[in-house]
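**Student:** coords please:
(one chain, ligands or ions: 1)
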Amino acid sequence: MQWIIKYLTSSIGKKQIMGCTGAFLALFIFGHMCGNFQLLNFDQAAAQASYNAYTEFLTGFNPLHFPIKMIYLVELVLVAAFALHIFLAIKLKMENKKARGGVDYEVNARKGKKTFATFTMIWSGLFILAFLVQHLVMLKFGEHYLYMNAEGEIVRDMWLTTITMFANPAWSAFYVISMFVIGMHLFHAISSAFQTMGIAHQKWTPIIDMAGILYSVVVALGFAVTAVAAFYFGNQPETQALIEKSRALQPQYEQQQKEKAAHKAAFVIPSVGEVQVSFNTEI
Ligand code: HEM
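**Tutor:** Below is the predicted model:
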């Protein structure tokens, strides 16, 4: 037990945990980028159908029939990884500064010189945190549009929520700039994580650095292209027509929710059979 505490409080322990949580987040980002590529479709109706089916699948995925949806567990792991990553970054930054007698600079251990990416790691990291707050407020908890899926069920239209946010040029521009910052953060993080793990090799290190650059450029460009495309699609006349179609589903959606609530209130007692419970919601 003692060794765990010693490891967790050591500088190398903190750096390695930062590297592991960072690697997990970098993998999540890649998967997220691939999922968002479904927005790159000139056929608006097909994009709407596939993007909504994709978000419905993610939110409803529960093959083992857990009492709690899988998405909540994934979100819990994501929040924990983000929180640990940020907490350790700030702690290490403060410890570094203290060790240098309050002088705020960092040196690239491998090259022996300070780089722009190294110097700005903490700031690009805090920027990404602010970006994520905006991202979740505007999308996850943002405007609620409606969509009738292939089964005739009315669900949330995540495609319209996303497209209408990007239709605003200010948000699209903000996303393109943010992707540059995220790319820079990833680029430095990858080479630095390998360094922390003690992988410094004459032959492999330049290859790892190149792979890190490639990964960061692909992720930053992938998201930036998606943001620009979403801006274009969000400003097409078809989008306005789809918003009106979505609004027209409101009465049907309310009816569906009432039926679902009534269905939930019906339960089965083995010796009695199905019991219907009804209650008057009008006061
Ligand atoms: C073009 C760029 C992007 C688009 C279109 C996009 C789209 C979305 C959408 C629609 C959601 C809500 C999903 C739902 O609730 O069903 C979401 C959630 C999320 N996004 Fe993005 N995203 C983009 C870039 C990013 C980037 C760069 C990051 C990371 C730095 C990121 C991290 C997240 C996280 C952590 C969530 C919450 C996941 C969850 O709760 O399950 N996104 N994104």
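**Student:** Would you mind listing what in the stretch 1-150 of the chain touches the ligand?
**Tutor:** Within the stretch 1-150 of the chain, the positions near the ligand by C-beta under 6 Å from any ligand atom are 29, 32, 36, 55, 59, 71, 75, 78, 128, 132, 135-136, 139-140. For the C-beta atoms, the positions are set from N, CA and C on the backbone; glycine is no exception.
**Student:** now for whatever helix or strand Lys97 lives in, which elements pack on it?
**Tutor:** Taking DSSP states H and E as the definition, Lys97 sits inside helix 70-99. Applying 3 or more C-beta pairs under 8 Å, 6 or more residues apart in numbering; DSSP states H and E, one finds that helix 70-99 contacts helix 11-36, helix 44-60, helix 116-135.
**Student:** what's the spacing between it and its chain's center?
**Tutor:** How far helix 70-99 lies from its chain's middle: 15 Å, per C-alpha atoms, centre = their mean, to the nearest Å.
**Student:** Please report how far the nearest residue to Ser172 once chain neighbours are set aside lies from Gln195.
**Tutor:** The spatially closest residue to Ser172, leaving aside those adjacent along the chain, is Phe231, at 3.9 Å (C-beta to C-beta, 6 or more residues apart in numbering). From Phe231 over to Gln195 the distance is 38 Å, taken as C-beta to C-beta, to the nearest Å.
**Student:** Ser50 now?
**Tutor:** 41 Å.
**Student:** got any ranges where the stretch 101-250 of the chain has weak pLDDT?
**Tutor:** For the stretch 101-250 of the chain, residues meeting the criterion pLDDT under 70 lie at 101-118.
**Student:** hey, where'd the helices end up in it?
**Tutor:** With helices called from DSSP state H, counting those that start in this stretch, the stretch 101-250 of the chain shows them at 116-135, 158-166, 169-196, 204-234, 237-248, 250-264.
**Student:** quick one on the thing from earlier: need the helices and strands packed on helix 70-99 in TSV with mean neighbour count, can you?
**Tutor:** Converted to TSV, the helices and strands packed on helix 70-99 look like this (neighbours: other C-beta atoms under 10 Å):
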stretch	mean neighbour count
helix 11-36	16
helix 44-60	16
helix 116-135	15
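**Student:** what does the stretch 151-283 of the chain have sitting close to the ligand?
**Tutor:** Met158, Thr162, Tyr175, Ile182, Phe223, Thr226, Ala227.
**Student:** among these, which two are most distant?
**Tutor:** Farthest pair in these (C-beta to C-beta) is Met158 and Ile182. Separation: 21.4 Å.
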